[in-house]
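Colleague: model this:
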Amino acid sequence: MRTRILLALGFSGLLCLLGPLGATTCPAFVKPEYKGAESCKKCHLLQYETWRKSRMASSFEALKPCDLETEEGKRLAGRRKEGHLDPEKDYRKDPKCLKCHTTGYGEPGGYPAEVTEESRGLAAKREGVQCEACHGPGSLYIPFFAEKENEKYKRSEVQKLGLFLPNKDTCIRCHNRESPFAPEEFDFVELKKKGTHEHVRLRYDHDD
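Modeller: Model prediction:
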């Protein structure tokens, strides 16, 4: 298992593992990378499947030109007009939109700031608002979870490895007045229930 963690961290991560305390003491210069929602699926299948049906999962699709030949397309066109956006415009290359309609925009392992022939595959895997958009890039904490599969762990240990505990501040990075569709007041508790994924007890207990 230690070998798997070394591979995940790379050369810079190797330096931090030389000490006796291992991955939980990695210094700040080891920057986590995005791994994609598929990496979360193994241990969080219910959350993954319910997320896939959410508007967050399909948010990248909303950037495409509206298909005015369909009822759904007409509905989306009306929605865009309410936000003073062009229903027939393709917003999939607009950085102002991509930073909130993709995961890890411009960050290591995230949606590329510039999509090239070489990075097109990665871009396709980071479309939409995925798990790591709310919980942080997982290249360091995913191997940690694998190592601790049947053990208790401290939440603070995982947070040191890049895990976010989402709160209102996490959401208003995108759900703010820069968005043409932002509500007058962002109700974090209510929208968390409706728009993310089903929330269930974690697979394994952990110590706070």
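
Colleague: only C-alpha atoms for contact and neighbour calcs from this point on.
Modeller: Fine.

Colleague: and residue 117, its phi and psi?
Modeller: When read as degrees, to the nearest 10, the backbone of residue 117 gives phi -60, psi -40.

Colleague: shaky segments in the chain?
Modeller: By pLDDT under 70, the weakly predicted segments of the chain are 1-29, 201-208.

Colleague: go with 80
Modeller: Counting by pLDDT under 80, the ranges of the chain that qualify are 1-30, 148-152, 182-184, 193-195, 199-208.

Colleague: tell me who's in contact with residue 130.
Modeller: With contacts defined as CA atoms under 8 Å, 6 or more residues apart in numbering, residue 130 is in contact with 36-37, 56-57, 102-103.

Colleague: please report how far residue 197 lies from residue 55.
Modeller: Taking CA to CA, to the nearest Å as the measure, residue 197 and residue 55 are separated by 10 Å.

Colleague: so these two - more neighbours on which side?
Modeller: Each of residue 197 and residue 55 had its neighbours counted (other CA atoms under 10 Å), and the higher figure belongs to residue 197 (20 against 16).

Colleague: hang on, isn't that one packed against residue 51?
Modeller: Yes - the criterion here is CA atoms under 8 Å, and residue 197 meets it with residue 51 at 4.5 Å.

Colleague: next one: the residue sitting furthest away from the middle of the chain from residue 61, what distance?
Modeller: Taking CA atoms, centre = their mean, the residue of the chain most remote from its mean C-alpha position is residue 69, at 32.1 Å. Using CA to CA, one obtains 16 Å as the distance from residue 69 to residue 61.

Colleague: alright, I will stop here.
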